[in-house]
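Fold the stuff below for me.
(2 chains)
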Number of protein chains: 2
Amino acid sequence: VVELYYWPGLPGRGEFVRLLLEDAGIEYVDHARRADGMKRMLALIAGAGAGLAPFGPPFIVDGARTVAQTALILHHLATKHRLVPEDRAVEALQLQLTIADFIVEIHDTHHPIGGGLYYEDQKPEARRRAADFLAARLPKFLGWFERVLAAGDGKHLVTGVPSYADLSMFQVLAGLEYAFPNAFERIASDIPLLMELRDRVAERPRIAAYLASERRQAFNQHGLFRHYPELDP
Amino acid sequence: VVELYYWPGLPGRGEFVRLLLEDAGIEYVDHARRADGMKRMLALIAGAGAGLAPFGPPFIVDGARTVAQTALILHHLATKHRLVPEDRAVEALQLQLTIADFIVEIHDTHHPIGGGLYYEDQKPEARRRAADFLAARLPKFLGWFERVLAAGDGKHLVTGVPSYADLSMFQVLAGLEYAFPNAFERIASDIPLLMELRDRVAERPRIAAYLASERRQAFNQHGLFRHYPELDP
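Okay, here's the model as predicted:
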């Protein structure tokens, strides 16, 4: 059984791990939903476990191994459970690391000065950063992923193979639509293959069951993807 | 022969790859130093190569394989050339991905609003972000890496094993000292094991030879690590 540690009350980066676990049908304990989960998580971050302590969540404890860093957790689980062919593992991880870069920039639209400060303490800066993000970075990242699909089989980021990168892209697109509904509506017609990928992932039987379950958390103002109308004119 | 593609004129993220290649004695072509390197690099980013095009540099072409994302390039080379024992590969990559997160935050001290804008167009925001970085993030990251050493053999981030993570940490410490000499001087006494690691890496024969060669580029105002006195009071 995989033990997942993450902050309670927000989908955040933990959700990328949950989507893989749910889609692959891997049994897991979600400590974000347990009364003592936070306490155990902080103890492990403080070094209570064996081996390398995580810098922060999400991380998993999988038997004797503790693995942190979202993309690496996905790579580790995909390798162990043979979810991605061995000779495509580097490609999947490269895609996921590009998604990881994208996510940092999405997060920083509302926290351009510091993650430890409140949004309310960095609103003018957030407005500038979000404007630059929507004008320059959002089209650059989404355009790149759209071209990856167009250059491949049109359906999977790792061409020919369903992978965790598709699941993560589904989550990114869902999060962007929540956070920036106006900008997302404007860009949607430029990314038809990504929109189809998103819909296709949502229809995967285990993902559909997960999304309909109470385990799926709604986006809210505590995660990566936050909806502040002033950042999405 | 490994072909390395990166921007000319700055050490940047390409330097992490160079340090591994130099330390391992792997033959490589550095396209950042070739007259047509930039043109070839941009063509590959535009999709001229086989398989997944890189989102951006650095990337390597290693036989039939193109690999992007700094941490993944290091992981790929270390795996292929058996530079890190197989059962420590996840640990090394986890450390490197934490260094990658650190580097983004270091970069964003001078570019908190957008990488496509000039520093001069985001100076007040840079001042706020750098202050938060120096007060909160620099001690958090360096403290974590110092504890990793203290909890292990005291000498290698992947305990017991020299790895690319050590080489990258050397580069991060050198870059921080260049960018933030005042802050670095204040924090140096809190990170004795990291300071020793830095000196030990610099003395590795191939690294020492590289650092003394004209292949090693000095830090400057075009890279990740930039020295703006107003950001380092």
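
Based on its surroundings, how many neighbours for the closest residue to A:Phe141 other than its chain neighbours?
Of all residues not flanking A:Phe141 in the chain, A:Phe102 sits nearest, at 4.6 Å (Cβ to Cβ, 6 or more residues apart in numbering or on different chains). To be clear about C-beta, it is placed using only N, CA and C from the backbone, and glycine gets the same treatment. Other residues within reach of A:Phe102 by the criterion other Cβ atoms under 10 Å in any protein chain shown amount to 22.

near chain B at all, stretch A:120-136?
Yes - using Cβ under 8 Å from any Cβ of the partner chain, we find that stretch A:120-136 touches chain B at A:122, A:125, A:128-129, A:132-133, A:136.

measure that stretch end to end?
Stretch A:120-136 has an end-to-end distance of 24 Å (Cα to Cα, to the nearest Å).

Then stretch A:117-126?
Note: stretch A:117-126 ends 12 Å apart using Cα to Cα.

What are the buried residues along that stretch?
Counting neighbours by 16 or more other Cβ atoms under 10 Å in any protein chain shown, one finds that the buried residues in stretch A:117-126 are A:122, A:125-126.

who touches stretch A:74-91?
Residues outside stretch A:74-91 that contact it (Cβ atoms under 8 Å, 6 or more residues apart in numbering or on different chains) are A:2, A:16-17, A:20-21, A:24, A:26, A:60, A:62, A:65, A:67, A:92-93, A:96, A:158, A:161, A:163-164, A:168, B:51-52, B:65, B:67, B:72, B:76, B:90.

Dump that stretch to PDB, keeping only the CA atoms.
Provided in PDB are the C-alpha atoms of stretch A:74-91 (Å, rounded to 0.1, in the frame of the first residue of the first chain):
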ATOM      1  CA  LEU A  74       5.000   9.700 -10.800                       C
ATOM      2  CA  HIS A  75       8.100   8.300 -12.500                       C
ATOM      3  CA  HIS A  76       8.800   6.000  -9.600                       C
ATOM      4  CA  LEU A  77       5.300   4.600  -9.500                       C
ATOM      5  CA  ALA A  78       5.000   4.300 -13.300                       C
ATOM      6  CA  THR A  79       8.300   2.400 -13.400                       C
ATOM      7  CA  LYS A  80       7.500   0.100 -10.600                       C
ATOM      8  CA  HIS A  81       4.000  -0.700 -11.900                       C
ATOM      9  CA  ARG A  82       5.100  -0.700 -15.600                       C
ATOM     10  CA  LEU A  83       2.600   2.000 -16.500                       C
ATOM     11  CA  VAL A  84       4.900   3.400 -19.100                       C
ATOM     12  CA  PRO A  85       7.200   1.300 -21.400                       C
ATOM     13  CA  GLU A  86      10.800   1.400 -20.100                       C
ATOM     14  CA  ASP A  87      12.100   3.000 -23.300                       C
ATOM     15  CA  ARG A  88       9.600   5.800 -23.000                       C
ATOM     16  CA  ALA A  89      10.300   6.600 -19.300                       C
ATOM     17  CA  VAL A  90      12.600   9.500 -20.000                       C
ATOM     18  CA  GLU A  91      10.200  11.100 -22.500                       C
END
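
Tell me which helix or strand A:Gln94 sits in.
Here A:Gln94 sits within helix A:89-110, counting by DSSP states H and E.

what pLDDT does the residue lying closest to A:Leu224 once chain neighbours are set aside get?
Counting by Cβ to Cβ, 6+ apart, A:Leu224 lies nearest to A:His107, which is 4.9 Å off, once chain neighbours are set aside. pLDDT, A:His107: 98.

got it, and A:Arg34?
With respect to pLDDT, A:Arg34 scores 96.

distance of it from chain B?
Distance, A:Arg34 to chain B, by Cβ to the nearest Cβ, to the nearest Å: 24 Å.

and that residue, what are its phi and psi?
Backbone torsions for A:Arg34, taken as degrees, to the nearest 10, come to phi -110, psi 150.

now swap in A:Tyr28 and tell me
According to degrees, to the nearest 10, A:Tyr28 has phi -150, psi 150.

Count the residues that sit near it.
Residues lying near A:Tyr28 (other Cβ under 10 Å) number 18.

I'd like to know which of the residues of stretch A:120-136 next to chain B is nearest to chain B.
A:Asp132 (3.6 Å; Cβ to the nearest Cβ).

What score does that closest one have for pLDDT?
Looking at A:Asp132, the pLDDT reads 98.

got it, and A:Ala183?
pLDDT, A:Ala183: 98.

ok, residues contacting the host helix or strand of it?
In the assignment (DSSP H and E), A:Ala183 maps to helix A:181-187. With Cβ under 8 Å, 6+ apart as the contact definition, helix A:181-187 has outside contacts at A:134, A:138-139, A:142, A:176-177, A:227, A:232-233.

Please compute how far it lies from its chain's middle.
20 Å (Cα atoms, centre = their mean, to the nearest Å).

Give me the next element, helix or strand, following it.
helix A:192-203.

Report the distance from that following helix to the chain centre.
16 Å.

quick revisit: could you pull out the buried residues of the helix holding A:Ala183?
Within helix A:181-187, the residues that count as buried by 16+ other Cβ under 10 Å are A:183-184, A:187.

what about dumping the CA coordinates of it to PDB?
The C-alpha coordinates for helix A:181-187 follow below in PDB (Å, rounded to 0.1, in the frame of the first residue of the first chain):
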ATOM      1  CA  PRO A 181     -12.000  31.300 -16.900                       C
ATOM      2  CA  ASN A 182     -11.900  34.300 -19.200                       C
ATOM      3  CA  ALA A 183      -8.300  33.700 -20.500                       C
ATOM      4  CA  PHE A 184      -9.100  30.000 -20.800                       C
ATOM      5  CA  GLU A 185     -12.100  30.600 -22.900                       C
ATOM      6  CA  ARG A 186     -10.100  32.800 -25.200                       C
ATOM      7  CA  ILE A 187      -7.300  30.200 -25.700                       C
END
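
And the strands in chain A?
A:2-5, A:28-30, A:59-62, A:65-68 (DSSP state E).

For the shortest one, which strands pair with it and how are they oriented?
Think strand A:28-30. The pairing partners recorded for strand A:28-30 under DSSP bridges are strand A:2-5 (parallel).

From the rest of the structure, what touches the strand it pairs with?
Counting contacts by Cβ under 8 Å, 6+ apart, the residues outside strand A:2-5 that touch it are A:14, A:17-18, A:21, A:26-32, A:37, A:40-41, A:44, A:54, A:57-62, A:77.

What of stretch A:94-107?
When contacts are defined by Cβ under 8 Å, 6+ apart, stretch A:94-107 is touched by residues A:13, A:70-71, A:74-75, A:115, A:133, A:137, A:141, A:144-145, A:148, A:157-158, A:163-165, A:168-169, A:172, A:175-176, A:179, A:224-225, B:52, B:54-55, B:67-69, B:71-72, B:101, B:104.

tell me the helices in chain A, going along the chain?
Taking DSSP state H as the criterion, chain A contains helices spanning A:14-24, A:37-45, A:70-80, A:89-110, A:123-132, A:138-151, A:164-179, A:181-187, A:192-203, A:205-212.

close to chain B, is the first one?
No - when contact is scored as Cβ under 8 Å from any Cβ, no part of helix A:14-24 falls within range of chain B; the minimum is 13.9 Å.

where does that helix sit relative to the chain's centre, distance-wise?
9 Å.

Give the other helices and strands that that helix contacts.
strand A:2-5, strand A:28-30, helix A:70-80, helix A:164-179, helix A:205-212 (3 or more Cβ pairs under 8 Å, 6 or more residues apart in numbering or on different chains; DSSP states H and E).
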